[in-house]
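A.B. asks: No letters, just coordinates:
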């Protein structure tokens, strides 16, 4: 999906819906899009700046902003009206990416017994495993949202031929630090969990560090290159601490 | 040894819980906290302390505990068989726990999650502003034999109080509100959903609880290809096999299954406390009715102190009380009341 098909005559977005008794979801689309993702991030930032009464917490998913409301003391319908006014105040799909973004380079071992589904994923994309690894390592992807598990990024987007489905049967348990792929996106796993995404790379990068001063490492808008490394280098980096050899620089 | 609770033995699901960690949804970390939040308020009322204090949550069964100093305890949530040095202890009540005494807490006689509160609260280290274990996120761990939990200073000595047991341990009706994805389900599917008797499945934990429908499962119009969106505890996801999965305190923060509605926060304890095999009905209520119900529930919660009464010491009464608790989860009314 590209920037051009964002609002593109689809009059039903953006729209505001209810989540439970005390939640509002401001949706900027029903499919992932670059513009919808920027809109969601910018709208959340605007809500955080405005600190509307009764809004206790906000977050984003791929193309939506979520508001948690203290429904015991504030009527969510009143907050929804205030949010509609904020929505109408500008074209959110034209918003810039967040400030303070960073470029991360995370050493990654592709394939081998550490990431056993590279071949299968490459096959789905009609590539050889070597070409697939080369292509993924050369693609600079962006953190579109953090979610599902603590600090866990959804990264995108890969070229069109990576629009491969999730597996029908779940992998029982994918390890922490696994790089997995489906539907032109990648997830870097922060916890060990069952998943339908295919495990193509393995990193020694810890995304959630509960005892650290900065417990959540990546932020939406950050960009990542998953540099390929060999087994010996990976083993050394794995023992070198929670960064697993990753480096980071500001994006200017 | 400093003021602490020693764990001599623990069931597989005993964790430290408080009201959780709000504020980290944007980082992918759900709030977590006690599966039955009302139990935290009941323990706080019985001990005359703040409901934010951490307690032990015991899934299914408790364990064997010992205090290093004289302490007060309260027992709330799903009734379990509790003894102090072999003598039975009333549930939903506060008691002294003398230094060196052996407190044993056995299996639940109804419901799922029992709670052991201590005067002064558990004083384990805070992580991200809370003491709750969040096992799905890798914060904290289930207790094991040999653990020692520091206990905070207690400002009171009051014990021997009782709260009348609540009826949330035996399933029944659970109220639900519609959400933005409810229209993904045809009207007749929503009607059938309300008319269906559900059975709490064996598959369930602090992240979510599966409900087995009597009859066919449910399906959204769009199938299963919805975009992953923010989810909250109480949301009812319809998973691939058509069975509803109710998300609980420790759920993930986003989910891609369509949601038919969401359980009211107050009623979520009834789902959490429904033991496998318990029957539940789900009924949609309008948003204004849901909010009014939540406000009334908050008043009840904040007024628990006024409902305390002295725990009768007469052994005959205590025996009666225990027998009442044994049946409270199964039978709503005794034959004498019919």
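C.D. replies: Perfect, I can see it now. Note that the coordinates shown come from a computational prediction; the quantities given were computed from them, not determined experimentally.
A.B. asks: ok, how many other residues are close to the nearest residue to residue A:94 once chain neighbours are set aside?
C.D. replies: On the basis of Cβ to Cβ, 6 or more residues apart in numbering or on different chains, the spatially nearest residue to residue A:94 that is not a chain neighbour turns out to be residue A:35, at 7.6 Å. In short, each C-beta sits where N, CA and C put it, glycine included. Neighbouring residues of residue A:35 were enumerated by other Cβ atoms under 10 Å in any protein chain shown; the total is 23.
A.B. asks: Using the three-state scheme, assign residue A:35.
C.D. replies: Applying DSSP: H, G, I helix; E, B strand; the rest coil to residue A:35 yields a three-state assignment of helix.
A.B. asks: Correct me if wrong: it contacts residue A:93.
C.D. replies: Yes. In this structure, residue A:35 is within contact of residue A:93 by Cβ atoms under 8 Å, at 4.3 Å.
A.B. asks: Around residue A:130, count how many other residues there are.
C.D. replies: Number of residues near residue A:130 (other Cβ under 10 Å) recorded here: 12.
A.B. asks: Mind splitting chain A into its structural domains?
C.D. replies: The record's domain split for chain A, according to automatic domain parsing, is A:3-94, A:102-250.
A.B. asks: Ok, which of those domains comes nearest residue B:248?
C.D. replies: Closest of those to residue B:248 is domain A:3-94, at 13.0 Å (criterion: Cβ to Cβ).
A.B. asks: re the thing from before, tabulate the domains of chain A in a markdown table, adding columns for mean pLDDT.
C.D. replies: What follows is those, written out as a markdown table (pLDDT from 0 to 100):
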| stretch | mean pLDDT |
| --- | --- |
| domain A:3-94 | 90 |
| domain A:102-250 | 95 |
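A.B. asks: Any figure for the gap between the most centrally placed residue in chain A and residue A:64?
C.D. replies: What sits nearest the mean C-alpha location of chain A, by Cα atoms, centre = their mean, is residue A:154, with 2.3 Å. With distances defined as Cβ to Cβ, to the nearest Å, the gap from residue A:154 to residue A:64 amounts to 13 Å.
A.B. asks: Flag every residue of the stretch 101-250 of chain A that's near chain B.
C.D. replies: A:145-152, A:154, A:190-191, A:208, A:210-211, A:215-216 (Cβ under 8 Å from any Cβ of the partner chain).
A.B. asks: Ignoring the adjacent residues along the chain, who's closest to residue A:68?
C.D. replies: residue A:57 (4.2 Å).
A.B. asks: Which of the three states applies to the residue nearest to the centre of chain A?
C.D. replies: Using three-state DSSP, the three-state assignment for residue A:154 comes out as strand.
A.B. asks: Now do it against residue A:164, distance only.
C.D. replies: Going from residue A:154 to residue A:164 by Cβ to Cβ gives 16 Å.
A.B. asks: thinking again about what came up before, what values do phi and psi take at the residue nearest to residue A:68?
C.D. replies: Main-chain torsions, residue A:57, degrees, to the nearest 10: phi -170, psi 150.
A.B. asks: That one: what's it in contact with?
C.D. replies: When contacts are counted by Cβ atoms under 8 Å, 6 or more residues apart in numbering or on different chains, residue A:57 touches A:67, A:68, B:22, B:23, B:25, B:26.
A.B. asks: ditto for residue A:134
C.D. replies: For residue A:134, the set of contacting residues under the criterion of Cβ under 8 Å, 6+ apart consists of residue A:228.
A.B. asks: What values do phi and psi take at it?
C.D. replies: Note on residue A:134: its backbone torsions stand at phi -60, psi -40 [degrees, to the nearest 10].
A.B. asks: And for the residue in the stretch 151-252 of chain A that chain B sits nearest to, the neighbour number?
C.D. replies: Minimum separation of the stretch 151-252 of chain A from chain B (Cβ to the nearest Cβ) falls at residue A:216, amounting to 4.2 Å. The local packing of residue A:216 (other Cβ under 10 Å) involves 22 other residues.
A.B. asks: just residue B:295 next, same as before
C.D. replies: As a burial measure, the neighbour count of residue B:295 was computed by other Cβ under 10 Å and equals 13.
A.B. asks: which SS class is the nearest residue to residue A:110 once chain neighbours are set aside?
C.D. replies: Spatial nearest neighbour of residue A:110, chain neighbours left out: residue A:133 (3.7 Å); criterion: Cβ to Cβ, 6+ apart. Following three-state DSSP, we place residue A:133 in the helix state.
A.B. asks: before we move on, what about the one 4 residues further on?
C.D. replies: In the three-state summary, residue A:137 is assigned as helix, counting by three-state DSSP.
A.B. asks: State the distance from the most far-flung residue of chain A relative to its centre to chain B.
C.D. replies: No residue in chain A sits farther from the centre than residue A:73, which is 32.8 Å out by Cα atoms, centre = their mean. For residue A:73, the distance to chain B (Cβ to the nearest Cβ, to the nearest Å) stands at 9 Å.
A.B. asks: show me what contacts the closest residue to that residue other than its chain neighbours?
C.D. replies: Nearest residue to residue A:73, sequence neighbours excluded (Cβ to Cβ, 6+ apart): residue A:54, at 6.5 Å. Taking Cβ under 8 Å, 6+ apart as the definition of contact, the neighbours of residue A:54 are A:69, A:70, A:71, A:73, A:74, A:75, A:76, A:78, A:79.
A.B. asks: ok, now how distant is residue A:54 from chain B?
C.D. replies: Using Cβ to the nearest Cβ, one gets 12 Å for the distance from residue A:54 to chain B.
A.B. asks: my guess is the residue of the stretch 151-252 of chain A closest to chain B contacts residue A:147, does it?
C.D. replies: No. Here residue A:216 lies out of contact with residue A:147, judged by Cβ under 8 Å, at a distance of 11.3 Å.
A.B. asks: How are the helices of the stretch 101-250 of chain B distributed by residue range?
C.D. replies: Secondary structure of the stretch 101-250 of chain B (DSSP state H, counting those that start in this stretch): helices located at B:187-195.
A.B. asks: typo on my end, it should be chain A
C.D. replies: Counting by DSSP state H, one finds helices in chain A at the ranges A:34-50, A:76-88, A:118-124, A:129-138, A:231-238.
A.B. asks: how about the second one: buried residues?
C.D. replies: Right, helix A:76-88. Neighbour counts using 16 or more other Cβ atoms under 10 Å in any protein chain shown place A:76, A:79, A:80, A:83, A:87 of helix A:76-88 among the buried residues.
A.B. asks: Contacting chain B as well, which ones from the residues you listed?
C.D. replies: Intersecting the buried residues of helix A:76-88 with the surroundings of chain B, defined as Cβ under 8 Å from any Cβ, gives residue A:76.
A.B. asks: could the buried residues of helix A:76-88 go into a markdown table alongside distance to residue B:98?
C.D. replies: As requested, the buried residues of helix A:76-88 are exported to a markdown table (distance: Cβ to Cβ, whole Å):
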| residue | distance to residue B:98 |
| --- | --- |
| A:76 | 49 |
| A:79 | 51 |
| A:80 | 55 |
| A:83 | 56 |
| A:87 | 62 |
